[in-house]
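*Asks:* Quick check, what structure comes out for this input:
(one chain, ligands or ions: 1)
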Amino acid sequence: MKKIYLYGNWKMNMNQEETEGFYKDFGQQVVSSPALLGVMGKSLETAVFPPFTSLAAAEGASKNIDKRAVPFLGAQNTYFEAKGAFTGEVSISMLKNLGCTHVIIGHSERRTIFGESDDLIAKKVKACLDAALVPVFCFGETLAEREGNKTFDVVSRQLRAALSGRSPGEAEKIVYAYEPVWAIGTGKSATSDEAQEVCAHSKKLIRDLTGSAEMPVVVLYGGSVKPDNAKELLSMDAIDGALVGGASLKADSFLQIYKAYAGIE
Ligand code: PGA
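*Replies:* From the prediction side, this is the model:
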């Protein structure tokens with residue numbers, strides 16, 4: 001069975017107590033399932049992305065459970081400058097100092113609600129790579145763009161902008177997440193064929209842009225992934241895992257996504 005990346009984007013949810021509760025539940029569920037414990041860190045890689053204010057609680061709570069359960073911790077955003085007069089922003093070194101290994105960059109909510117441009121997002125991707133923090137780079141089209149047959153133009157533009165100036169070695173370190181905006185938080189997931197088509201196109205484009213045909217590329221799908229559609233989506237060959245919003249807030253539904261895929265009771 002292929003390796004699955006299961007990443008939970010908590011968005012503006014989960015205070016410190018709730019974060020500690022999640023880790024406790026998650027740890028208990030993993031150790032009580034030999035089938036799950038057996039795949040952790042091998043064919044299943046998990047990470048959660050709490051809000052900034054819960055990162056320290058997450059890091060602390062992760063020390064009280066089996067190390068394999070949630071080995072990676074990420075933030076949902078960062079700024080590309082190292083320090084200075086940037087009110088409200090959080091730097092990469094601050095995140096690393098809290099134990100972060102990953103950071104989501106260019107989520108559609110950052111692009112649409114907070115006006116982040118392709119150019120700003122590309123600077124963040126570069127800064128993360130320079131500092132050895134894994135960028136989880138999100139891209140995807142809106143409903144109007146899909147209906148206007150612009151999906152491939154839009155995702156290609158977003159990928160080109162993010163990868164401009166990046167070497168194959170750098171491009172390989174990025175985790176890519178295809179997240180059609182119309183499927184996020186709406187309960188209306190892309191079909192497995194729709195997701196597969198864009199993920200396959202993106203993998204090819206990433207390899208073409210870097211001139212490295214054999215480069216391993218990890219592409220996740222995100223947008224209303226739930227236990228009941230997980231098997232179909234994660235079985236597609238161009239999809240390496242899921243970036244999960246709503247269903248990642250409870251240890252049970254988050255783990256059910258992998259269990260449904262792998263056929264674990
Ligand atoms: P959702 O969010 O699973 O709640 O649709 C996914 C995301 O925005 O990463």
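*Asks:* Is residue 189 part of a helix or strand, or is it coil?
*Replies:* Secondary structure, DSSP: H, G, I helix; E, B strand; the rest coil: residue 189 is coil.
*Asks:* Quick one: name the residues of this protein near the ligand.
*Replies:* 9, 179, 184-185, 222-225, 243-246 (CB under 6 Å from any ligand atom). For every residue, glycine as well, the C-beta is placed using N, CA and C.
*Asks:* Please identify which of these is nearest to residue 39.
*Replies:* Checking the residues of the chain next to the ligand against residue 39 with CB to CB, the nearest one is residue 244 at 17.2 Å.
*Asks:* In contact with that closest one, which residues?
*Replies:* Residues in contact with residue 244, defined by CB atoms under 8 Å, 6 or more residues apart in numbering, are 6-9, 222, 225, 254, 257.
*Asks:* Can you flag which of those residues belong to strands?
*Replies:* Judged by DSSP state E, strands contain the following of the contacts of residue 244: 6-9, 222.
*Asks:* Same list (the residues you listed) but as TSV, adding pLDDT.
*Replies:* Putting the ones in strands among the contacts of residue 244 into TSV (pLDDT from 0 to 100) gives the following:
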residue	pLDDT
6	98
7	98
8	98
9	98
222	97
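*Asks:* Buried among those residues? Make that a PyMOL selection.
*Replies:* With 16 or more other CB atoms under 10 Å as the criterion, this PyMOL line picks the buried residues out of the ones in strands among the contacts of residue 244:
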select buried, resi 6+7+8+9+222
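*Asks:* would you turn the ones in strands among the contacts of residue 244 into a markdown table with distance to residue 195?
*Replies:* What follows is the ones in strands among the contacts of residue 244, written out as a markdown table (distance: CB to CB, whole Å):
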| residue | distance to residue 195 |
| --- | --- |
| 6 | 16 |
| 7 | 15 |
| 8 | 18 |
| 9 | 17 |
| 222 | 9 |
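*Asks:* the bottom helix or strand of this structure by mean pLDDT?
*Replies:* When the helices and strands of the chain are scored by mean pLDDT, DSSP states H and E, helix 34-39 comes last with a mean of 92.
*Asks:* counting contacts, what elements does that helix pack onto?
*Replies:* Applying 3 or more CB pairs under 8 Å, 6 or more residues apart in numbering; DSSP states H and E, one finds that helix 34-39 makes contact with helix 16-31, helix 251-262.
*Asks:* and residue 221, what are its bridge partners?
*Replies:* Residue 221 has these beta-bridge partners by DSSP bridges: residue 178, residue 242.
*Asks:* Would you mark the buried spots in stretch 30-42?
*Replies:* Of the residues in stretch 30-42, those scored as buried under the neighbour-count criterion (16+ other CB under 10 Å) are 30, 33, 36, 39-41.
*Asks:* any idea how far residue 59 lies from residue 181?
*Replies:* Counting by CB to CB, to the nearest Å, the separation of residue 59 from residue 181 is 31 Å.
*Asks:* before we move on, the earlier item: looking at the contacts of residue 244, spot the one nearest residue 167.
*Replies:* Using CB to CB, residue 7 is the member of these that sits closest to residue 167, with 24.3 Å.
*Asks:* what residues are up against the closest one?
*Replies:* Contact analysis of residue 7 by CB under 8 Å, 6+ apart lists 46-49, 74, 102, 136, 175, 177, 220, 241-244, 248.
*Asks:* List the contacts of the residue in the chain that the ligand sits nearest to.
*Replies:* With distances taken as CB to the nearest ligand atom, the chain approaches the ligand most closely at residue 245, which sits 2.3 Å away. Taking CB under 8 Å, 6+ apart as the contact definition, residue 245 lies against 8-11, 184-185, 222.
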